[in-house]
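> how would this look folded up:
(2 chains)
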Amino acid sequence: MFPTLVGARVPCLTGWGDVVSVFSRAVNIRHTEGLLVSFIEETRSMTSLSVCIPALFRKQKKGLVPGDRVRFDGLRLVTEDFVVDFLGRPTWQGTLTRDDIKGFRASKVSLVKETLLLKGRDGGFLGLLRRDEAKNLFVDKAVKVLSRIQGAPSRDGGLKGLSGLVGLGPGSTPSGDDFITGVLLGEETLRLLSSTEAKAVAGDQKNMVACSIEKEDLWFAMNRTNDAGRTLLWQALQGYFPEYLIEAVRSVSDAEGKEEIVIAVERAVGSGATSGTDALTGFLFCFERDPPGLCS
Amino acid sequence: MKKILVRKNAYYDSVFLMLATKALKQRPGIKEAVVAMGTEVNLGLLKEIGLFSGETESAKPNDLVIAIEGETEEAVEEACRIAEEALKKRSHGGGGEKEEYRPVSLEGALKIIPEANLVVISVPGMYAAREARRALNKGLHVMLFSDHVSVEEEVELKETAVERGLLMMGPDCGTAILNGKPLCFANVVRRGPIGLVAASGSGLQEVSCCIDRMGGGISQAIGTGGRDLQDQRVRGRMMLMGIEALKHDPETRVIVVISKPPAEELAAKVLSKLEDTGKPCVVHFLGPKALGRRGSVRFSGNMEEAAAMAVALSRGEEYHRSCLSLSEAEASRVAEAEVNRMASEQRYVRGLFAGGTLAIEAMVLFEEEGFKILSNVRKEPGRVLKSPHRSEGHAIVDLGDDVFTLGRPHPMIDPSLREERIAKEAADPETALLLLDVVLGYGAHEDPCGALAESVSKAKGQVAGRGGYLSIIASITGTEKDFQNMAEQKKKLESAGCLVMPSNYQASVLALHVMRKVASKWM
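Alright, predicted model coming up:
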């Protein structure tokens, strides 16, 4: 079988994997390193660890069931019934480029926040933005973690504190992991903007560039979450983000009016149960002059 | 009483987990329910709030933890049983059952049911026209549930359908009953001699349910999509084709048409077409009333009246005006009692509707009585709510509008949107009356009144707490045979303090009585 797109990190994996879940539009395989590689039907669901292979989902009967073994050899993915050939197939990078953020402006950040408040899905970390949300114990915990960041003397200390959110929250990908991914996406956006633009967007120079020590702390914390969360963080820490988030940043950047920003946010919010909402909340966290203002 | 369940190596999708959490939290007697992965930090948190047991000690990040705290052992046990059942049904991982095959293309579906002659399409708007085109090209009738299809595409699809003698219901068509088969959002109604064509989903449901309540029955109910008669470019193609189909349907003896008022030229075409059928017809164009009769076509003043007229005609009887369950004097007495308990600052009606046509019916009635209503369904300057999320003055809101449903289910499916809005309205000291609709039937929430009852009680308590009284009037669109159990649903709303009327029209009339009295206090 020939995929239409191969995530950039998939050919780096070798060894064995087990099929752990089969949904109507995705099949998840757990690699021995504890990362989930996904066969997906739609390119919108791409990550750097996904293989878009619509043909698999058009078959009358699916070829994979939970428990099946799969072999990765860098060039191919081999199952009992078929082989998925990566060689020569288009690669999906999953990284943010300068082109993606060339129209990113401070004024757009506030529109993203305004829209997220209206359109975001409750249940995850949206309560960090919404002051009137009903009691949510995960949000309460996140508020405590983020308050420690407020009190932290430096940005270094702050991002160390952020690892306290790893694995926190509801969802098959815990909300905390989505939130951190959003933070890292925000950091990446700021990194790619020129320093003047970044300053205008973030408002505060010290909020801008993440350094390796902070990420090291998150690398260590990754084992505290489940496979789905670990897979997401593993990619985000290396600068790879899900397509829906890259598309959201690109669309906000390209937006010429409020309506386009609203559409971009709505599309991102439609991902997962609260994943899109949680990631955008984390993204906004990067741009707040006073991060705990999120919840004050 | 607490109980913790741990499912090893569980891989579920997030949407399912979120819905499961919500369903557990809403169960009677349940104080707290947490459904989360067994990560270190989640387990720590559960320990902090006392939802921890020996079982959780062994939980790993890939395990699903369900922690439930309830008032009684029975409540917790029942919640656990329901959670287990839901997880079992949904099981995909760790050696669980394989998901039942669900085709992901039209071709796949046709392989399974090659004899199918109708396809229901519900895909994102950008793909909807393409799928509908493919279905029509295969000679299939189409019910296009999706919206966000351009008018140009709608015209092209309907032209193709007419050429091929196929139905092309939609886009944005949510209700139909064909040969006794309810499609998408529809109610279980008696079969009979009345055929409907409607450019309104909730309108079609309301009329078909009223017909059922009055002892009549439905032969066919054809939806056209809201733009069919509204947009000159679509030229009522499906309305005209639907009427033509009912003309030739031997089971149909009376035809009912429901729509917002069409352009004059289109209205004339529809009326000519109806006359041409040679069958008695009833027309209800929402908005300024065109009562009376033109040949075999009768005009009704509201949706309930359209149903009553059709039932009478189907029995060969003359329709006698008034189907109100409360006389003027009784309605006035009820209204008086409601208003007497209100605080002086309470002055506005707030209509929170799940059905767009039901919202319009209420709005038209109030406007005819001189009330200035602001709404998200209006386009005229000065009549549009500044923000659909916040009421001001007298307001009637269609919560099924796109602005509310992008990224979350329609309020007929998920009542939480309306629950939030009820709380907001109750917090406004100027709110005097809430007017609600509840729609039962296939596709709708399994216990909509049960879900609403709690927020209604809270809202009433909140207003009472500051010395006022919140009047709440509702109607239920449904039949005794709908799976939600109409009688039970009604009882739930009444127990929460709602006045429940048999139709949207009657609920609106009673609300009008109340608001007239409120207005007279302010004069």
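
> Model confidence for the residue in chain B that chain A sits nearest to, exactly?
Residue of chain B nearest chain A, by C-beta to the nearest C-beta: B:Thr39 (3.0 Å). For every residue, glycine as well, the C-beta is placed using N, CA and C. B:Thr39 carries a pLDDT value of 90.

> My guess is it contacts A:Asn223. True?
No: B:Thr39 lies out of contact with A:Asn223 (C-beta atoms under 8 Å); the separation is 10.0 Å.

> more crowded one of the two?
Neighbours were counted for B:Thr39 and for A:Asn223 using other C-beta atoms under 10 Å in any protein chain shown; B:Thr39 has more, 28 against 13.

> Next, give phi and psi for the more buried one.
phi -80, psi 160 (degrees, to the nearest 10).

> Name the SS class of B:Gly497, please.
Under DSSP: H, G, I helix; E, B strand; the rest coil, B:Gly497 falls in the coil class.

> what does the one 3 residues further on give?
State at B:Val500, reduced to three classes by three-state DSSP: strand.

> go on, B:Ala426?
Assigned by three-state DSSP, the conformation of B:Ala426 is helix.

> Which per-residue confidence value corresponds to it?
pLDDT, B:Ala426: 96.

> same check, this time on A:Lys206
On pLDDT, A:Lys206 comes in at 49.

> go on, A:Gly203?
pLDDT at A:Gly203 comes out at 61.

> same thing with A:His31?
93.

> list the contacts for B:Asp63?
B:Val6, B:Arg7, B:Lys8, B:Asn9, B:Ala10, B:Met37, B:Gly38 (C-beta atoms under 8 Å, 6 or more residues apart in numbering or on different chains).

> Which of those residues fall within strands?
B:Val6, B:Arg7, B:Met37 (DSSP state E).

> Out of those residues, which comes closest to A:Asp177?
For the ones in strands among the contacts of B:Asp63, the residue nearest A:Asp177 by C-beta to C-beta is B:Met37; the value is 9.8 Å.

> a markdown table please, covering the ones in strands among the contacts of B:Asp63 and showing neighbour count and distance to B:Glu368.
Below are these laid out as a markdown table (neighbours: other C-beta atoms under 10 Å in any protein chain shown; distance: C-beta to C-beta, whole Å):
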| residue | neighbour count | distance to B:Glu368 |
| --- | --- | --- |
| B:Val6 | 18 | 61 |
| B:Arg7 | 23 | 58 |
| B:Met37 | 30 | 56 |
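
> Restricting to those residues, which residues neighbour chain A?
With C-beta under 8 Å from any C-beta of the partner chain as the criterion, the ones in strands among the contacts of B:Asp63 include B:Met37 near chain A.

> need the ones in strands among the contacts of B:Asp63 in TSV with distance to B:Ile177, can you?
Compiled in TSV, the ones in strands among the contacts of B:Asp63 are given as follows (distance: C-beta to C-beta, whole Å):
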residue	distance to B:Ile177
B:Val6	46
B:Arg7	41
B:Met37	44
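
> All the strands of the stretch 101-250 of chain B, in order from the start?
Residue ranges of the strands in the stretch 101-250 of chain B, as given by DSSP state E, counting those that start in this stretch, are B:118-121, B:141-144, B:168-169, B:175-178, B:181-184, B:191-198, B:218-223.

> what's the angle from the last one to strand B:191-198?
The one in question is strand B:218-223. 20 degrees (axes from the mean of the first three to the mean of the last three C-alpha atoms, to 10 degrees).

> Check the average confidence over strand B:218-223, would you?
Rounded mean pLDDT across strand B:218-223 is 97.

> Report the buried residues of that strand.
B:Ile218, B:Ser219, B:Gln220, B:Ala221, B:Ile222, B:Gly223 (16 or more other C-beta atoms under 10 Å in any protein chain shown).

> In this structure the second one contacts B:Gly192, no?
By that I understand B:Ser219. Yes: between B:Ser219 and B:Gly192 there is a contact at 6.6 Å, judged by C-beta under 8 Å.

> For the longest helix along chain A, which helices and strands make contact with it?
When chain A is parsed with DSSP state H, its longest helix is helix A:175-192. Counting contacts by 3 or more C-beta pairs under 8 Å, 6 or more residues apart in numbering or on different chains; DSSP states H and E, helix A:175-192 is packed against helix A:137-151, helix A:195-202, helix A:227-236, helix A:243-254, helix A:275-287.

> and it with helix A:195-202, angle?
Using the same axes, to 10 degrees: helix A:175-192 against helix A:195-202 is 150 degrees.

> Check which residues of helix A:175-192 are buried.
In helix A:175-192, counting by 16+ other C-beta under 10 Å, buried: A:175-190, A:192.

> Can I get stretch B:386-393 in CSV, CA atoms only?
What follows is stretch B:386-393, C-alpha atoms only, in CSV (Å, rounded to 0.1, in the frame of the first residue of the first chain):
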residue,chain,number,x,y,z
LYS,B,386,-25.7,42.9,19.3
SER,B,387,-24.3,39.6,20.5
PRO,B,388,-26.2,36.3,20.2
HIS,B,389,-24.5,35.3,23.4
ARG,B,390,-26.1,38.0,25.5
SER,B,391,-29.8,39.0,25.6
GLU,B,392,-31.0,42.5,25.9
GLY,B,393,-34.5,43.8,26.1
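
> who in the stretch 151-296 of chain A is up against chain B?
Counting by C-beta under 8 Å from any C-beta, the residues of the stretch 151-296 of chain A near chain B are A:164-174, A:176, A:224-230, A:266, A:269-270, A:272-275.

> Could you identify the helix or strand that succeeds the worst-scoring helix or strand of chain B on mean pLDDT?
Least confident helix or strand of chain B, by mean pLDDT, DSSP states H and E, is strand B:292-294 with a mean of 73. Following strand B:292-294 in sequence order, the next helix or strand is strand B:297-299 (DSSP states H and E).

> Make JSON lines out of the strands of the stretch 101-250 of chain B and add distance to chain A.
Shown next, in JSON lines, are the strands of the stretch 101-250 of chain B (distance: least, C-beta to the nearest C-beta, whole Å):
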{"stretch": "strand B:118-121", "distance to chain A": "17"}
{"stretch": "strand B:141-144", "distance to chain A": "20"}
{"stretch": "strand B:168-169", "distance to chain A": "25"}
{"stretch": "strand B:175-178", "distance to chain A": "25"}
{"stretch": "strand B:181-184", "distance to chain A": "20"}
{"stretch": "strand B:191-198", "distance to chain A": "29"}
{"stretch": "strand B:218-223", "distance to chain A": "26"}
